[in-house]
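> sequence and predicted structure are below.
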Amino acid sequence: MTEMITPDDIHFPVFAIATNQTVSSIPNMSRLQRCTLATFKSGWYEGLKLYDSVGNLFIVEKVERIKTYFSIDLLFLNPFIHVSIQLSNILHTYAFEDLKKIIQSDIKNYPEYWDKINYKKKILNEIRNSNDMENLFRVYSK
């Protein structure tokens with residue numbers, strides 16, 4: 001019998017790659033399980049790939065809304081919610097160099113955000129030269 005893979009198996013920080021290939025850096029479980037209602041409704045979690053800090057690749061199979069947080073964002077009709085995620089029972093691994101290429105591609109493909117940052121070339125070089133997940137996360141999350 002295959003052992004069930006749970007969110008507790010994820011080693012943070014992680015990089016989350018959505019099905020549209022956009023990249024997000026997520027420092028902890030609390031942040032992974034919190035999003036806006038609009039993000040939840042957009043299907044962002046569907047098929048989300050989570051590249052953890054020890055070389056594991058998890059894929060989100062199912063997500064459920066657990067709780068709505070009442071905050072200032074309610075004024076904008078986009079409250080934060082807490083979600084529960086269910087992962088695929090197939091555990092994958094990834095090559096660190098491949099993850100770096102995905103992140104570099106995201107930066108190049110979304111100039112409307114990254115071109116506003118004066119050190120875009122520097123960040124691409126720092127990503128290329130990163131040796132480990134901790135450094136990669138630090139560089140990307142500046």
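On my side now, so go ahead.

> other residues contacting the helix ranked longest in the chain?
Longest helix in the chain, counting residues (DSSP state H): helix 96-109. Helix 96-109 has contacts (CB atoms under 8 Å, 6 or more residues apart in numbering) with 15, 17, 21-23, 51, 55, 114, 120, 123-124, 127-128, 130, 132-133, 136, 140. From N, CA and C alone the C-beta is placed, and that goes for glycine too.

> now do the buried residues in that helix.
Neighbour-count burial for helix 96-109 flags 99-100, 103-104, 106-107 (criterion: 16 or more other CB atoms under 10 Å).

> and the strands in the protein?
All strands of the chain, identified by DSSP state E, fall at 14-17, 23-26, 34-36, 49-51, 56-69, 80-87, 92-93.

> indicate which one of the ones you listed is closest to Glu3.
Minimum separation from Glu3 across those (CB to CB) falls at strand 80-87, 12.0 Å.

> contacts for that closest one, please.
5-7, 9, 32-37, 40, 45, 50, 58-69, 71, 73.

> what mean pLDDT does that strand have?
Average pLDDT, strand 80-87: 94.

> residues in contact with the nearest residue to Pro27 once chain neighbours are set aside?
Residue nearest to Pro27 in three dimensions, not counting chain neighbours: Pro13, with 4.9 Å by CB to CB, 6 or more residues apart in numbering. Taking CB under 8 Å, 6+ apart, we find Pro13 in contact with 25-28, 53, 133-134, 137, 141.

> how about Lys120?
107, 114.

> for it, give its distance to Glu64.
Distance from Lys120 to Glu64, counting by CB to CB, to the nearest Å: 37 Å.

> please report the distance of the most centrally placed residue in the chain from Asn125.
With distances taken as CA atoms, centre = their mean, the residue of the chain nearest its centroid is Ala16 (2.1 Å). To Asn125, Ala16 is 23 Å away according to CB to CB.

> then Ala18?
Distance from Ala18 to Asn125, by CB to CB: 25 Å.

> comparing these two, which residue is more hemmed in?
Ala18 (19 against 13; other CB atoms under 10 Å).

> got a list of what that one touches?
Counted by CB under 8 Å, 6+ apart, Ala18 has contacts 24, 44, 47-48.

> OK, contacts around the nearest residue to Phe80 once chain neighbours are set aside?
Using CB to CB, 6+ apart and skipping residues adjacent in sequence, the residue nearest Phe80 is Tyr69, 4.3 Å away. By CB under 8 Å, 6+ apart, Tyr69 lies in contact with 34, 79-82.
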